[in-house]
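# for reference, the sequence and a predicted model appear below.
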Amino acid sequence: MSRFFTVGKYRVHNRKDHRHELPQLSLVIGSQSFDTYDWSLGGFRIEDYMGRPPVGESISITELSYSPESAVSVECKATVTRVVLGKNQIAFAFNLLDEAAFNFLEDASLQRLALLSNSGK
């Protein structure tokens with residue numbers, strides 16, 4: 001039996017790493033590519049998909065990118081942490097980042113700051 005953890009709009013998130021929307025990251029889970037709604041060094045949120053693993057199950061990520069020129073092959077593991085049913089979204093927490101993934105996410109954070117400074121926000 002699948003376990004689901006649903007969240008309402010009033011539930012407080014206990015998140016160590018603040019999630020970012022920019023730059024929008026893309027990642028590959030299995031053979032499927034997904035764009036993130038938000039991300040951090042701690043995890044990410046994507047659109048729900050067919051064959052979703054249940055909460056607590058681990059998945060493998062093989063590629064991260066924020067533009068076609070930035071794609072990097074990685075070996076990451078993430079765990080399903082919650083399903084946001086009303087928004088058709090699924091959230092994951094990283095539980096294993098290889099060095100390439102960690103460096104990529106740190107660089108993406110710097111890219112985020114550049115995008116924000118250029119947009120005047």
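Received the coordinates, thanks.
# alpha carbons only for contacts and neighbour counts from here, please
OK.
# roughly how far does Thr62 sit from Ile29?
Applying Cα to Cα, to the nearest Å, the value for Thr62 to Ile29 is 7 Å.
# and Val84, by the same measure?
In this structure, Val84 and Ile29 are separated by 19 Å, where distance is defined by Cα to Cα.
# quickly list what the closest residue to Gly56 other than its chain neighbours is bridged to.
In this structure, Gly56 finds its nearest non-sequential neighbour in Val80, 5.3 Å apart by Cα to Cα, 6 or more residues apart in numbering. Each beta-bridge partner of Val80 is listed here, defined by DSSP bridges: Phe92.
# who are the neighbours in contact with the residue positioned nearest the centre of the chain?
Ranked by distance to the mean C-alpha position of the chain (Cα atoms, centre = their mean), the top residue is Phe44 at 2.1 Å. By Cα atoms under 8 Å, 6 or more residues apart in numbering, Phe44 lies in contact with 19, 36-38, 91-93.
# helix, strand, or coil at Phe104?
helix (DSSP: H, G, I helix; E, B strand; the rest coil).
# circling back: got the contacts of Phe44 as JSON lines, with pLDDT and neighbour count columns?
As requested, the contacts of Phe44 are exported to JSON lines (pLDDT from 0 to 100; neighbours: other Cα atoms under 10 Å):
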{"residue": "Arg19", "pLDDT": "64", "neighbour count": "16"}
{"residue": "Thr36", "pLDDT": "95", "neighbour count": "21"}
{"residue": "Tyr37", "pLDDT": "93", "neighbour count": "19"}
{"residue": "Asp38", "pLDDT": "94", "neighbour count": "18"}
{"residue": "Ala91", "pLDDT": "94", "neighbour count": "22"}
{"residue": "Phe92", "pLDDT": "96", "neighbour count": "23"}
{"residue": "Ala93", "pLDDT": "95", "neighbour count": "21"}
